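[1] Sequence isn't available, so here's the structure alone:
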């Protein structure tokens, strides 16, 4: 295998391993989604949901110049801008009654089942 191909595979594997971990669970009364968003602040997280799904988005500065002026962001966090992940649920939920908490990079969203 050529070296450049091997290097490209390693880079792709490393990038994939840095993506936020998103897990979902359900109890008899609710659906719970947990996302590990290290380095992200609450104001950068957007949630969109409905009866059967939840989408988590990370938004940030609109252009590289804004990121450069901020200075304190690591390359890993900047790479997360634009991240979007949708979780589909096996049961319908009432998203209007969802409760979300965000502490130390850990997002937890609890939604009651319909």
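    The structure has been received and is ready for your questions. Because the structure is a prediction, the values reported are computed rather than measured.
[2] Quick one: the helices in the chain, in order.
    3-17, 64-70, 75-80 (DSSP state H).
[3] Just give me the lowest mean pLDDT stretch among those.
    Per-segment mean pLDDT for the helices of the chain reaches its minimum on helix 3-17, at a mean of 46.
[4] got the contact list for the closest residue to residue 23 other than its chain neighbours?
    Sequence neighbours aside, residue 34 is the residue nearest to residue 23 in space, at 5.1 Å (criterion: CB to CB, 6 or more residues apart in numbering). Placement of C-beta: from N, CA and C, glycine included. Residue 34 makes contacts with 22-25, 106-109, as judged by CB atoms under 8 Å, 6 or more residues apart in numbering.
[5] and what of residue 92?
    Counted by CB under 8 Å, 6+ apart, residue 92 has contacts 51-52, 113-114.
[6] ranges for the strands of this structure?
    For the chain, the strands defined by DSSP state E occupy 21-26, 30-36, 45-49, 53-58, 84-88, 99-103, 106-112.
[7] who's in contact with the fourth one?
    Residues from elsewhere that reach strand 53-58 (CB under 8 Å, 6+ apart): 20, 22, 33, 35, 37, 40, 44-49, 80-89, 95, 98, 107, 109, 111.
[8] Let's see that with 10 Å instead.
    Applying CB atoms under 10 Å, 6 or more residues apart in numbering, the contact partners of strand 53-58 are 20, 22, 24, 31, 33, 35, 37, 39-41, 44-49, 77, 79-89, 93, 95, 98, 100, 107, 109, 111.
[9] Just the buried ones among the residues you listed, please.
    Buried by 16 or more other CB atoms under 10 Å: 20, 22, 31, 33, 35, 37, 40, 44-45, 49, 77, 80-81, 83, 87, 89, 93, 95, 98, 100, 107, 109, 111, out of the contacts of strand 53-58.
[10] circling back to that earlier point, rebuild the strands of the chain as a markdown table, extending it with mean pLDDT.
    What follows is those, written out as a markdown table (pLDDT from 0 to 100):
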| stretch | mean pLDDT |
| --- | --- |
| strand 21-26 | 94 |
| strand 30-36 | 96 |
| strand 45-49 | 95 |
| strand 53-58 | 95 |
| strand 84-88 | 95 |
| strand 99-103 | 96 |
| strand 106-112 | 97 |
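[11] That's all I had, so thanks and see you.
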